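In: Okay, predicted coordinates and the sequence, questions at the end:
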Amino acid sequence: MRLTISHEIGSFVVYSISRAVKTICIFLILCAAVEIAEIILVKMYKSVLLKSLRLVSLFLIAGIFSGCPSVRDEQQILEPVFFPNPPERPRLQFLKSYSGPDDLGAVKASAFEKFVLGEPETKEGISKPYGVAISRGKLYVCDVGKRMVEMLDLENGTFGYLTKDQRLLNPVNIYIDDDDIKYVADPTVGVVFVFDQNNNLSDMLGKESKISPIDVVVRGQRCYVTDFGSNRVFVLDRTTGREIARIGIESKTDRKIDSVGELPAGEFSLISDLALDQQNNVYVTDKAAGRITLFDQSGKFIKTIGRMGDNIDEFVRPKGIAVDRENRIWIVDASTEVAKIYNQQAQLLLFFGLSGNKPGMMNLPAKIVLDYDNVELFRKYAVPGADIEFLVLVSNQYGPNKISVYGFGSFPAGQETSDRQSQFVVRNAPENKLEQQMSKPAAVPKAEPRTKAPQLEQQKKIVELYYSSMTFYRSGRLSKAREGLVKVLKSGLIPPAMTKTIQDDLDEIGNLLEDGKKKREVAEVYYNSMVFYNAGQLEKAREGLVKVLKSGLIPPAMATTVEQYLAAIDNSLNKR
């Protein structure tokens, strides 16, 4: 799937060098002209005229610098990106990307202003997004890099945060219902945080179930949560948080991950994201087994979709998933860095994206979301005559386009785009329905046979090490998992597509180990504080308990207990 781009790099370099040389030459010519004029005029006129000449020269230089748009801006303006590529009928257009405040329409400083005044202070932006949602003109991003939920107001052009509540330690995914209630999954705290229409924290679901939520979807009175700890889907009452049901077979963490084909139907290896269709059927991705598992609304297993492999209709690292109103299934694969669309017969209809940093491409995608309610905000980015049915949002954890927005719909004939995009789509006949655009994907070229026996043996060991490391990861033995994955990464024997995936695993393991270390430190402070309390050293006990309470790492029941101790300590100290 990965094609060579050397011709693109060459053309880009030539273009960039020519623009740079042209600008520098004009700048030097103007500077020389100013110097010559200064030598002549300094003897003939007063300094006032000389100052005027300098000012005029600066204006000329400013005009030249401000009139040089960036290559990226020109590409976005002149080259709309479609999937599939015309002359086939396009069904998707890349519309816009967001990575921070500058993408919200704020007036940017010109190149000359930056040259004279220096670069402005760095503004806050999106670091490493995972979950994303859009509601009532606002874009919400779960930034696992900053461990906060960012809020981009698309209508007013402002950048802020859903909350800076310290109790959110690792917000991974977010779901927003029709009433603008936000549900944020935080596996470190072990709850789903609920925020009301005014973004005030109103509830925390899942405390009693002791879950580590990865994704959350709400439908009616039910809150569906994928649990990292048990590798199952928990169904909670959205009001009380009471557990209603569990979906999926209880995972056997001691099973070695070496043959995902032997994984029983309904069991997960490393559970990830979920989605519901119009009939309340539940779709769940398994990023280690490379497949999607489908359950009916009662939790009964129906079938699996896809399998592990490097063919275009197979998965390597499926994560985010969504289902549109026509029951088409949209999935992003973090390893191959594409989004794929399947029908209910598990047939691949279309794929788009591919690895890269150009508009429309993907860089370690994590989440995919479909939205029908905010289309009007993005019509201005579509080509004239386009009929956008709904939006497709994809989060990219690396690269310049952190949140990419595509429009799905109908587009006028005769659109043009870059040659490279034409190599990245399934060749389909331009029929009326997407399902009728099916064709058999081209077979993936077979790798050249390796003849060196020692290298084959070493590769075999690396593969075994990878699977054993994933088994440790799954069973919670994180230090052992990290140790093995680091060796796999350093071996240099893994395909490029797996490098980012393993690095992503290492980042997740690092976060889990860091959170575990913090919890152990807080626990130690708590126990020491209780020793001080029992020994009558109330000031030291109070100091420690305040740190424990402010850490945000203790469950609500324990927080209540700590508050009671603090009240008792304050009462005793006041009596002294």
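Out: Noted; the coordinates are in hand.

In: Mind giving me the packing neighbours of the biggest strand by length in the chain?
Out: Longest strand in the chain by number of residues, with DSSP state E as the criterion: strand 387-396. Judged by 3 or more Cβ pairs under 8 Å, 6 or more residues apart in numbering; DSSP states H and E, strand 387-396 is in contact with strand 92-98, strand 129-135, strand 365-371, strand 403-410. Quick note: C-beta positions are derived from backbone N, CA and C, even for glycine.

In: CA atoms only: put the first one into PDB for me.
Out: Read it as strand 92-98. Only the C-alpha atoms of strand 92-98 are listed here, as PDB (Å, rounded to 0.1, in the frame of the first residue of the first chain):
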ATOM      1  CA  LEU A  92     -15.400  12.200  -0.100                       C
ATOM      2  CA  GLN A  93     -13.600  15.500  -0.100                       C
ATOM      3  CA  PHE A  94     -11.000  16.600   2.500                       C
ATOM      4  CA  LEU A  95     -12.400  19.900   3.800                       C
ATOM      5  CA  LYS A  96     -10.300  21.200   6.700                       C
ATOM      6  CA  SER A  97      -7.900  20.300   9.500                       C
ATOM      7  CA  TYR A  98      -7.500  21.600  13.000                       C
END
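
In: Could you pull out the buried residues of it?
Out: 92-98 (16 or more other Cβ atoms under 10 Å).

In: who does the longest strand of the chain pair up with?
Out: strand 365-371 (antiparallel), strand 403-410 (antiparallel) (DSSP bridges).

In: about what we covered before: I'd like the buried residues of strand 92-98 as TSV, with pLDDT and distance to Thr158 appended.
Out: Below are these laid out as TSV (pLDDT from 0 to 100; distance: Cβ to Cβ, whole Å):
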residue	pLDDT	distance to Thr158
Leu92	95	29
Gln93	95	26
Phe94	96	24
Leu95	97	20
Lys96	96	17
Ser97	96	18
Tyr98	96	13
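
In: Neighbours of Ile292, how many?
Out: Ile292 has 25 neighbours, counted by other Cβ atoms under 10 Å.

In: wait, is it part of a strand?
Out: Yes - counting by DSSP: H, G, I helix; E, B strand; the rest coil, Ile292 is part of a strand.

In: got any ranges where the stretch 51-200 of the chain has weak pLDDT?
Out: 51-78, 106-123, 165-166 (pLDDT under 70).

In: please redo it, this time with the cut-off set to 90
Out: Applying pLDDT under 90 to the stretch 51-200 of the chain flags the ranges 51-79, 84-89, 105-124, 163-169, 188-189.

In: Next, the angle strand 92-98 makes with the longest strand of the chain.
Out: 50 degrees (axes from the mean of the first three to the mean of the last three Cα atoms, to 10 degrees).

In: With respect to Thr560, which of the helices and strands packed on strand 387-396 lies nearest?
Out: Across the helices and strands packed on strand 387-396, Thr560 has its closest neighbour in strand 129-135 (29.7 Å, Cβ to Cβ).

In: Quickly run through the sheet partners of the closest one, with directions.
Out: Partner strands and pairing direction for strand 129-135 (DSSP bridges) are strand 138-143 (antiparallel).

In: downstream neighbour of the strand it pairs with in the secondary structure list?
Out: strand 148-153 (DSSP states H and E).

In: Tell me the first helix or strand C-terminal of that next one.
Out: strand 158-163.

In: same for the helix or strand following that following strand, what does it pack against?
Out: Sequence-wise, the next helix or strand downstream of strand 158-163 (DSSP H and E) is strand 173-176. Under the contact definition 3+ Cβ pairs under 8 Å, 6+ apart, strand 173-176 sits against strand 129-135, strand 138-143, strand 182-186, strand 213-219.

In: out of these, deepest packed?
Out: Comparing these by mean neighbour count (mean count of other Cβ atoms under 10 Å), strand 182-186 ranks first with a mean of 26.

In: Pull the distance from that strand to the chain's centre.
Out: Using Cα atoms, centre = their mean, to the nearest Å, the mean C-alpha position of strand 182-186 is found 15 Å from that of the whole chain.

In: Report the strands that pair with that strand, each with its relative direction.
Out: Its sheet considered, strand 182-186 pairs with strand 173-176 (antiparallel), strand 191-195 (antiparallel) by DSSP bridges.
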